[in-house]
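A structural model of the following input is requested.
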Amino acid sequence: MLWLVLDGGHWGAWKQESTHGHLCLPRHEVFDAEATAAYEGLKAACNSAQAPYTQNLYVLLDNQEVAQQLQGSPRGSSQHTILAFQEVANAWPTRPLRCQAIQPGQVHVHWIPGHAGIAGNEQADEQAKKGARGILAGNEQADEQAKKGARSTPQTNTPPTRYAWAHRTLKEEFWQRFQAFWAENAPQQYQDLSIGLDKRPHELSLPRATLGRLLAARSGHGDFAQYHERFGHEDTKLECSCGHPKTPHHFYYCQKGHKASPHPWGSRQVDEILRSKSGTRDLHEWLQRSHFYRTICPAH
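Residues are numbered from 1 along each chain as shown. Next comes the predicted model:
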């Protein structure tokens, strides 16, 4: 949302609408749209009939990052637009004035919280919705051309791709390709457990000791008899204190462990314990109470 206020000095602020509109900005992010709106709005204000009678101009935005960069050194996306805004803002005091009582003034940029009761917010939101609908329509047309295999020459009035949009698109592309790679190349143990991909895996909230035990049980790489035998570790203990071989799922079946602390997972199967958020949480709590890997089934 962008709102421009022209301060007319002792005549008070201009209340009437000077201009409004929307732009279709494909391959842009919200940050880029806000920066472009600030720049276009500032130019419109400078060219308005009120400008020669105005002292200060206030640019109000509900995007805090854009407001900060408009007043400082731009970084990341839309740097050219932000520098152009600053150039126009610096030229504001040199504009011709029609009244000697009017001081040159300055352009002030302020951040305001969204939906803070600022006049004009609803109008600005409506223009943003129109612009968004234009983008969606443009995207649908582009998709249709792509399906037909057409190669169209870029239009000269099409805004260039912004860094923020390209960065997000590349991240999404990477994630999609990684998902496809995982579906074909996931370790068999993870396929058997039906463990998919998650951008924010719930198990990362577990303490490090529990997380290590969980990953070892999932992968089979740890203090287990089969693992030690595979790599020829001769100085290791292959059995639990209960007399059974150490296996990735032995904690679930060990009677000594169950006697030390009853299992909190009830009738749920071991796969569910190793896969689900509630299962891994119950595993952590049980390991804390039973001291299973410290006293019952410790490493040699």
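
What average pLDDT does the helix or strand where residue 87 lies get?
Following DSSP states H and E, the helix or strand that holds residue 87 is helix 79-91. Averaged across helix 79-91, the pLDDT comes to 93.

The helix or strand that it is followed by - contacts with which helices or strands?
Once the chain leaves helix 79-91, the next helix or strand it forms, by DSSP H and E, is strand 107-111. The elements that strand 107-111 packs onto, with contact taken as 3 or more Cβ pairs under 8 Å, 6 or more residues apart in numbering; DSSP states H and E, are strand 56-61, helix 64-70, helix 79-91. (C-beta placed from N, C-alpha, C; glycine too.)

6 Å - rerun?
strand 56-61, helix 64-70 (3 or more Cβ pairs under 6 Å, 6 or more residues apart in numbering; DSSP states H and E).

can I see the domain layout of the protein?
Structural domains of the chain, as assigned by automatic domain parsing, span the residue ranges 2-133, 202-296.

What residues of the helix holding residue 87 count as buried?
Burial within helix 79-91, assessed by neighbour count using 16 or more other Cβ atoms under 10 Å, is assigned to 81, 82, 84, 85, 86, 89.

same check, this time on stretch 200-216
Neighbour-count burial for stretch 200-216 flags 203, 206, 210, 211, 213, 214, 216 (criterion: 16+ other Cβ under 10 Å).

Ok, which of the helices and strands packed on strand 107-111 comes nearest residue 245?
Proximity to residue 245, assessed across the helices and strands packed on strand 107-111 by Cβ to Cβ, is greatest for helix 64-70 (57.3 Å).

What distance do you get for residue 171 to residue 65?
Taking Cβ to Cβ, to the nearest Å as the measure, residue 171 and residue 65 are separated by 18 Å.

in this protein, which spans are helices?
Remark: helices assigned in the chain by DSSP state H are 30-46, 64-70, 79-91, 121-148, 163-185, 188-192, 208-219, 225-230, 250-253, 255-260, 270-275, 277-290.

Touching stretch 97-116 from outside, list them.
With contacts defined as Cβ atoms under 6 Å, 6 or more residues apart in numbering, stretch 97-116 is touched by 9, 52-53, 55-60, 62, 64, 67, 70-71, 89, 92-93, 118.

Select only the buried ones of the residues you listed in PyMOL?
Below is the selection syntax for PyMOL that covers the buried ones among those, with 16+ other Cβ under 10 Å defining burial:
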select buried, resi 53+55+56+57+58+59+60+62+67+70+71+89+92+118
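
Looking at residue 171 and residue 65, which is more packed in?
A direct count of neighbours by other Cβ atoms under 10 Å for residue 171 and residue 65 places residue 65 higher, at 15 against 10.

got a pLDDT number for the more buried one?
Looking at residue 65, its pLDDT stands at 89.

Quick check: the gap between the closest residue to it other than its chain neighbours and residue 275.
In space, not counting the residues next to it along the chain, residue 65 is nearest to residue 31; the distance is 6.4 Å by Cβ to Cβ, 6 or more residues apart in numbering. With distances taken as Cβ to Cβ, residue 31 is found 38 Å from residue 275.

just residue 75 next, same as before
Computed as Cβ to Cβ, the residue 75 to residue 275 distance reads 42 Å.

same check, this time on residue 269
Noted for residue 269: a distance of 10 Å to residue 275, by Cβ to Cβ.

Looking at these two, which is more packed in?
Neighbours of residue 269 and residue 275, each counted by other Cβ under 10 Å, are more numerous for residue 275; the result is 17 against 12.

what's the closest non-adjacent residue to the more buried one?
Using Cβ to Cβ, 6+ apart, the nearest residue to residue 275 is residue 193, at 5.1 Å.

Show me the shaky parts of the chain.
Counting by pLDDT under 70, the chain contains low-confidence ranges at 1-26, 114-159.

Contacts for stretch 78-95, please.
Contacts of stretch 78-95 from elsewhere in the structure, counted by Cβ under 6 Å, 6+ apart, are 32, 35, 36, 38, 39, 42, 69, 70, 74, 104, 107, 162.
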